[in-house]
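Visitor: Pasted the sequence and its predicted model underneath.
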Amino acid sequence: MSAVLPSSASLYDRVRRVIPPIEWSVFVEDIDAILNLKRQRNAVILAHNYQTPEIFHCVADIVGDSLALAREAMTVDADVIVIAGVHFMAETAKLLNPDKTVLIPDLDAGCSLADSITAEDVRLMRQRYPSVPVVTYVNTSAAVKAESDICCTSGNALAVVKSLRVPRVIMLPDEYLAKNIAAQTKVEIIAWNGRCEVHERFTAADIRELREAHPGISVLAHPECPPEVVAEADFAGSTAAMSDYVARHRPARVVLMTECSMSDNVAVEHPEVDFVRPCNLCPHMKRITLANIRTALEENRHVVTIDPHVAERARWAVERMLFV
Ligand code: SF4
């Protein structure tokens, strides 16, 4: 424990249940450097729920799911916003707060959903289904958002679809999110074939095995999981909704069918809950590290830019979502 410097000791108290001392000793220097750099550069770090605990609990200023980060990005007053998340999240922050310097620590932090569709694909869908509105998940590029009528997140997708008051919508690009939303509404939903490479791996058989191994366990699933997984879960919702569920119900034992780090981050807040962790890592989220956050602040990289013509139309689709 000698590696825990005085300035970091209180932070370690917070995460000691999920970070062993040997790992912490590797993190301490970067954490102290990042805390100093944030002050020097008047910077804030927005971290997604899938970031590792040393980022989520020790250097982030604002944490949450995509919807929460988008809302917070709009009102950030600092000069610099560092996104501890993936590239589409950094683009969304830039769309909503265009005068700020937005940094993404690794340009290759992508997303299988964002990669599954292009702006040209959306234009072709519009030709195929004329006058059917396009609802686009925020897990897409700014160019795809620019071709859309409105965006959504997993937290507000049903409300967004209902808000349009139409019998049919195109919902892009996550096939499973579209099917899971279709199960909750009479609105006909035309889906694309994108998948989240993390959530598509969970199966209904996984849930049955978990229930057999841990009788009484509460199973919470993300709506990017296949519909048969959502059907067998006790609750389905965004990462923020899962976190709220654990806080409200305080189950004795729970499994979150989502990215690995989510369980660690929620476990820090709920030492009384036993988290069973079938681990599916997002390789894109894991490209963000303390080391590259530090470098991003030291060297002002990688600055996120968006073509102004694309940005104007994409911003409209994102802002429209925020007012649903
Ligand atoms: S968890 Fe899935 S949806 Fe989220 S960034 Fe990774 S690949 Fe994309």
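Guide: On my side now, so go ahead. Numbering: from 1, shown residues only.

Visitor: so what's Ala142 up against?
Guide: Contacts here follow Cβ atoms under 8 Å, 6 or more residues apart in numbering; on that basis Ala142 touches Phe88, Glu91, Leu95, Ile306, Asp307, Val310, Ala311, Ala314. Placement of C-beta: from N, CA and C, glycine included.

Visitor: Val82 now?
Guide: Per Cβ under 8 Å, 6+ apart, neighbours of Val82: Ala43, Val44, Ile45, Leu46, Val102, Leu103, Ile104, Pro105, Ile293, Ala296, Leu297.

Visitor: mind checking how far it is from the ligand?
Guide: 17 Å (Cβ to the nearest ligand atom, to the nearest Å).

Visitor: how about the residues of the stretch 101-250 of the chain near the ligand?
Guide: For the stretch 101-250 of the chain, the residues in contact with the ligand (Cβ under 6 Å from any ligand atom) are Cys111, Ser112, Leu113, Asn139, Cys196, Glu197, Val198.

Visitor: Now do the same contact list for His284.
Guide: His284 neighbours (Cβ under 8 Å, 6+ apart): Val86, Asp108, Ala109, Gly110, Cys111, Ser112.

Visitor: want to try CSV for those residues, with secondary structure as columns?
Guide: Shown next, in CSV, are the contacts of His284 (DSSP: H, G, I helix; E, B strand; the rest coil):
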residue, secondary structure
Val86, coil
Asp108, coil
Ala109, coil
Gly110, coil
Cys111, coil
Ser112, coil
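
Visitor: Report the buried members of those residues.
Guide: The neighbour count (16 or more other Cβ atoms under 10 Å) marks Val86, Ala109, Gly110, Cys111, Ser112 as buried among the contacts of His284.

Visitor: from what I can see the second one touches Pro283, true?
Guide: Spelled out, that is Ala109. No: using Cβ atoms under 8 Å, Ala109 makes no contact with Pro283, being 9.2 Å away.

Visitor: residue ranges of the strands in the stretch 201-324 of the chain, please?
Guide: 218-221, 235-236, 253-257, 274-276 (DSSP state E, counting those that start in this stretch).

Visitor: between those, which one is nearest to Val26?
Guide: strand 274-276 (23.5 Å; Cβ to Cβ).

Visitor: List of residues touching that closest one?
Guide: Here strand 274-276 makes contact (Cβ under 8 Å, 6+ apart) with Leu210, His214, Ile217, Ala252, Arg253, Val254, Val255, Leu256, Ser263, Val266, Ala267.

Visitor: One more pass at 7 Å, please.
Guide: Contact with strand 274-276 is made by Leu210, His214, Ile217, Ala252, Arg253, Val254, Val255, Ser263, Ala267, as judged by Cβ atoms under 7 Å, 6 or more residues apart in numbering.

Visitor: Identify, from those, the entry nearest to the ligand.
Guide: Ser263 (13.8 Å; Cβ to the nearest ligand atom).

Visitor: quick one, what contacts the closest one?
Guide: Contacts of Ser263 (Cβ under 7 Å, 6+ apart): Leu256, Phe275, Arg277.

Visitor: With pLDDT added, can I get the buried ones among the contacts of His284 in TSV?
Guide: Conversion of the buried ones among the contacts of His284 to TSV gives the following (pLDDT from 0 to 100):
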residue	pLDDT
Val86	98
Ala109	98
Gly110	97
Cys111	98
Ser112	98
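
Visitor: from the residues you listed, which two are the most distant?
Guide: Ala109 and Ser112 (12.1 Å).

Visitor: that older thread, relative to Ile117, which of the contacts of strand 274-276 is nearest.
Guide: Ser263 (29.4 Å).

Visitor: what distance separates stretch 45-55 from the middle of the whole chain?
Guide: The gap between where stretch 45-55 is centred and where its chain is centred comes out at 10 Å by Cα atoms, centre = their mean, to the nearest Å.

Visitor: now stretch 119-139
Guide: Distance, stretch centre to chain centre, for stretch 119-139: 23 Å (Cα atoms, centre = their mean).

Visitor: Show me what counts as buried in it.
Guide: 119, 121-122, 125-126, 132-139.

Visitor: got a markdown table for those, with secondary structure and pLDDT too?
Guide: Putting those into a markdown table (DSSP: H, G, I helix; E, B strand; the rest coil; pLDDT from 0 to 100) gives the following:
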| residue | secondary structure | pLDDT |
| --- | --- | --- |
| Ala119 | helix | 98 |
| Asp121 | helix | 98 |
| Val122 | helix | 98 |
| Met125 | helix | 98 |
| Arg126 | helix | 98 |
| Val132 | coil | 98 |
| Pro133 | coil | 98 |
| Val134 | strand | 98 |
| Val135 | strand | 98 |
| Thr136 | strand | 98 |
| Tyr137 | strand | 97 |
| Val138 | coil | 96 |
| Asn139 | coil | 97 |
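
Visitor: Same question for the residue nearest to Met285 when sequence neighbours are not counted, what's its three-state structure.
Guide: Excluding its sequence neighbours, the residue lying closest to Met285 (Cβ to Cβ, 6 or more residues apart in numbering) is Tyr50, at 4.3 Å. The three-state assignment at Tyr50 reads coil, by three-state DSSP.
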